[in-house]
Structure formats: C-alpha cells, structure tokens
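Asks: Fold the following, please.
(2 chains)
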There are 2 protein chains.
Amino acid sequence: MLPAPPKALVFDVFGTVVDWRTSVVREVEALASRKGLRVNGPAFADAWRAGYAPAMDRVRNGELPWTKLDRLHRMILDGIVAGFGLEGLSEAERETLNHAWHRLEPWPDAVPGLTRLKQRFIMAPLSNGNISLITDMAKNAGLPWDCVLGAELVRHYKPDPEVYRSAADFLDVEPAEVMMVAAHLRDLRAAKAEGLLTAFVVRPDEFGPDGNPDLAPDDSVDVTAMSFDDLASQLAT
Amino acid sequence: MLPAPPKALVFDVFGTVVDWRTSVVREVEALASRKGLRVNGPAFADAWRAGYAPAMDRVRNGELPWTKLDRLHRMILDGIVAGFGLEGLSEAERETLNHAWHRLEPWPDAVPGLTRLKQRFIMAPLSNGNISLITDMAKNAGLPWDCVLGAELVRHYKPDPEVYRSAADFLDVEPAEVMMVAAHLRDLRAAKAEGLLTAFVVRPDEFGPDGNPDLAPDDSVDVTAMSFDDLASQLAT
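Replies: Sure thing, here's the model as predicted:
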C-alpha cells in the first residue's frame, strides 16, 4: 500500500518504455544489409549497450566534462565498429546509426498504458537520454509525455541523486508525490533514497534470451507491475 | 522568404498561445464573487501583469537569486491585493489564485494551429513560466508540445540571450533551424540577435480594449501571421 497516491509519474525509458535491443538490432542489420555486409546484430546491440554505464562513469568521475548521451553513444560506437566488420561505415552512416536511439520502439503495452496513466498523473520521462533524443523518440513513437525531464537538465547521470531531486523540483511537488517507474532496481533504489515512490515494471525480455533482467522486487519497491496497463490498474486509474 | 525552413518551432506562451488577461479576469472575479467581494477584474489583471517585467528585472540584476515565475507572481499578488479590496484572502485562496496562471486558456486558434504545425515541426514552449506552470497549462488546455523548454532550465529570463541559445542546444539543431514564435517584438528581436528565425503572430486583443499591442512587424521578423493556422499555411504544412 502507498502512503498517499503520487501526483506525477517519472519514467526510466531505455528498457522500461522502449525495447532498445530489438530496435538497435533491426537498425544495424538493415544498414549492414544495404552495405552488403554481415553483422551479428544482437551481439552488436549488446556491445553498444555494454559501453553505456562505463561511459557515464567517465562523466561521473570527471574524466569527461558533461557530455550528452548522443555523444557518449557515438564514442562507444566508434570503439566497436571494427570488431563487427563495420569499420567501413561513413561519417554520415555512423551518425544515422547513432540516431537509432532516437527511433527506439516502445514495448507493445507502453503507448496504451501511458495514455491511460496520463488521464490521472503528470507524466514525464526521467532518462539519461538527452532531451533531443527523448523528444525525437516520443514524437516518433507517440509517447504522450506532459514534459521532458532527465539527466541533461541537471548535468548528472542517474543514479546520481540530483536527477531524482530535479523531478520533484521542476514539477513543484514533494519527492514523495513523485513515483519513479523503472525496470531496473538500481534506478529504483536511488529514487527511493531520495524519497520518491517507486514502481517496478518487469521487462523480462529487455536483454534478450540470454539476459539477466531484474525479475523480482526488493525493499526499494512500492508497487510491482507486469506492464503499464497493470500499473494503471493498480494505481486505480 | 526564409533562407531554409526551420526544424523546430519554439513559442512564447503568455499572450502568444494563451489569453492570460481574459483568464485572470475570470478567475479573480469568480473568487471575489464567492467571497462576497467586488473587484475590478481587468484592472486587477493588468496590475498583476504590470509587475511581471519589474520582478524579472530584480532577478536579472541580482537583487533576487533565481526565482521561479510562480514565486514572482505570488510576490506581485501579495503587493496588489490590498489595492483591490482583496486583502482578506486566505493563504490557500491566494495560492489558488496564483495558480490561475497554470490554468490560462488558449486563444481559439491555438490548439488546432499547434496540432497542425506539430505534424511537421518539433514544438516546444520557450516561456518565462516555470516548467510546472507550463506543464500544468498544457495538460489543462491540451497544448500538444513535444517537450517543455524555457527560462527555468537555464535560470535566465527572456530576453536574456541564454534562453534562446538553450533552445537550439537542447534540441541539437543550429540556431537558424529554430523559429521563435511570439506576439511581442521584444522577444523576437532578442531571438533574432541569437540567430533564430522569427515568426510574429499578431494578437491585437492581448491587453484588452485599451491595450497597446505590437501590430506591425519590424526588421527582426521573418514571417508575420494573423493566427497559428495562418502560420501553418505560410510554413507550407
């Protein structure tokens, strides 16, 4: 039971709202096909994503100044292309591929669930993706946000506490009036530490058939849901 | 003629998208009526708005630290209530009235025009209103923004140049790929100075029957439109 219902829901995006892996696999395989190349799409997507946390750590520890996720994605991409036989991609092709993250497709329940939740709550992404990435994605996929919050606005990457605090501050509500929705316990633990409510949405397929997703809630979780539709039902919308 | 079409449109909100004066008059007169008081609604709305530029100047010149527009509105409100016979309003009533700015109603052409423009352009408010104010307003009025930009994100009020630059930066486009849409030449001149395209939308009724609105474009204006629908037609959407 929640002590009181939230006023706003803020969402992790990669993996929670959108199926980044399937989308990236599709884009890189289509590009390779057009170039007459062969690529192991799932391995490529996993390698790209594997560079994500280390790249943000370089910003977090001061090795890099504040750097938008688009730039981090590009740095990781440039580091892995040779290992996948894609070193011949032109600058324009690399930029187009890098923007695959702007075109990620939502999980099937995402748009209907978000639309239902939007009837009752202020809805915003709270992602490490830069504002243009998340805005393009929303426009492309029809994600019905009320505004776009996230790491870029405070120049800190989750799970830095500044990001969670900023959601309550920008929305002018108490931290306990904001619910963080994510498929990742690390995100929810950090949100809970800043006083937010938390909803764990299980995404068993995020990392593919050999992945190791979070499947069971821990003490940081207020509500566990199997989909956004399930979350809407539990929040009585 | 534009040198090249914009990728994104950013909008002044108070007066350009919403009819602040009619909305504030309605709210204060309804409140007074419930309290058995009489108030000159139009004079009250004009007095409240007259405090807006001087209050932002106090932030701009460092007399006040960064202060959200909601707080500035409340400071101005507290300064004018006695002059309008409203000094008996409770704290809760003052806060509710202060949130009238979150509930401003759009000009009749705004929602259809924005909806049409959204088919082709990235659309964001670029207002001095704080993020929660603009977000609440959008949710209440059905304004179809793709994301919410504005003064609060850079802690500078328009016409400070940082606000205009931030729109291009957050959207990852060149300044010349962003068009500032406003009913106020002061806003457009400042946008043009930072390299943005500009669209002047004439709002002859913004300040009421005795107002002194901008009615004719000057050299800072790239496109002049009589409504958002007219703007959409001129931008070939």
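Asks: roughly how far apart are the residue of chain A positioned farthest from its centre and residue A:30?
Replies: Taking Cα atoms, centre = their mean, the residue of chain A most remote from its mean C-alpha position is residue A:36, at 31.3 Å. Look at residue A:36 and residue A:30: by Cβ to Cβ, to the nearest Å, they are 12 Å apart. (Each C-beta comes from the backbone N, C-alpha and C, glycine too.)
Asks: repeat for residue A:37
Replies: In this view, residue A:37 and residue A:30 are 11 Å apart by Cβ to Cβ.
Asks: before we move on, what about residue A:142?
Replies: According to Cβ to Cβ, residue A:142 stands 22 Å off from residue A:30.
Asks: need the helices for chain A, in chain order.
Replies: Remark: helices assigned in chain A by DSSP state H are A:20-34, A:41-50, A:52-60, A:69-80, A:91-98, A:110-118, A:131-141, A:151-154, A:161-171, A:185-193, A:228-234.
Asks: what about those helices, which gets the closest to residue B:138?
Replies: If you check each of these against residue B:138 by Cβ to Cβ, helix A:110-118 wins as the nearest, at 11.5 Å.
Asks: Measure how the closest one sits relative to helix A:131-141, angle-wise.
Replies: 100 degrees (axes from the mean of the first three to the mean of the last three Cα atoms, to 10 degrees).
Asks: so how far is helix A:110-118 from its chain's centroid?
Replies: 16 Å (Cα atoms, centre = their mean, to the nearest Å).
Asks: Using CSV, write down the CA coordinates of it.
Replies: Provided in CSV are the C-alpha atoms of helix A:110-118 (Å, rounded to 0.1, in the frame of the first residue of the first chain):
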residue,chain,number,x,y,z
ALA,A,110,3.7,1.3,-23.5
VAL,A,111,1.6,3.7,-25.5
PRO,A,112,-1.8,2.4,-24.3
GLY,A,113,-0.6,2.2,-20.7
LEU,A,114,1.0,5.7,-20.7
THR,A,115,-2.1,7.1,-22.3
ARG,A,116,-4.3,5.6,-19.6
LEU,A,117,-2.0,6.8,-16.8
LYS,A,118,-1.8,10.3,-18.3
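Asks: Name the residues of that helix that come out as buried.
Replies: Buried positions in helix A:110-118, judged by neighbour count with 16 or more other Cβ atoms under 10 Å in any protein chain shown: A:110, A:111, A:113, A:114, A:116, A:117, A:118.
Asks: Give me the domain ranges for chain A.
Replies: A:8-19+A:105-234, A:20-103 (automatic domain parsing).
Asks: was I right about residue A:234 contacting residue A:225?
Replies: Yes. Contact criterion Cβ atoms under 8 Å: residue A:234 and residue A:225 qualify, at 5.9 Å.
Asks: ok, the two, which is more surrounded?
Replies: residue A:225 (20 against 14; other Cβ atoms under 10 Å in any protein chain shown).
Asks: in the sheet, who's paired with that one?
Replies: Beta-bridge partners for residue A:225, by DSSP bridges, are residue A:201.
Asks: Would you mind confirming that it is in contact with residue A:183?
Replies: No. Look at residue A:225 against residue A:183 with Cβ under 8 Å: they stay out of range, at 10.2 Å.
Asks: Overlap in contacts, the two.
Replies: A:200, A:201, A:202 (Cβ atoms under 8 Å, 6 or more residues apart in numbering or on different chains).
Asks: Can you give me the neighbour number for residue A:175?
Replies: Using other Cβ under 10 Å, residue A:175 is surrounded by 17 other residues.
Asks: same deal with residue A:64?
Replies: 15.
Asks: Could you report the neighbour count for the nearest residue to it once chain neighbours are set aside?
Replies: Closest residue in space to residue A:64, ignoring its immediate chain neighbours: residue A:58 at 4.6 Å, by Cβ to Cβ, 6 or more residues apart in numbering or on different chains. For residue A:58, the count of nearby residues is 13 (other Cβ under 10 Å).
Asks: One more: residue A:42?
Replies: Counted with other Cβ under 10 Å, residue A:42 comes out at 18.
Asks: what sits against it?
Replies: A:21, A:25, A:208 are the contacts of residue A:42 under Cβ under 8 Å, 6+ apart.
Asks: just residue A:140 next, same as before
Replies: For residue A:140, the contact set (Cβ under 8 Å, 6+ apart) comprises A:102, A:103.
Asks: so where's chain A uncertain?
Replies: Where chain A drops to pLDDT under 70, the residues are A:237.
Asks: Show me what from it comes close to chain B.
Replies: A:68, A:70, A:122, A:124, A:130-132, A:134-136, A:138-139, A:145-149, A:152-153, A:170-173 (Cβ under 8 Å from any Cβ of the partner chain).
Asks: Identify the residue spatially nearest to residue A:87, adjacent ones excluded.
Replies: Excluding the flanking residues, the one nearest residue A:87 by Cβ to Cβ, 6+ apart is residue A:81, at 5.1 Å.
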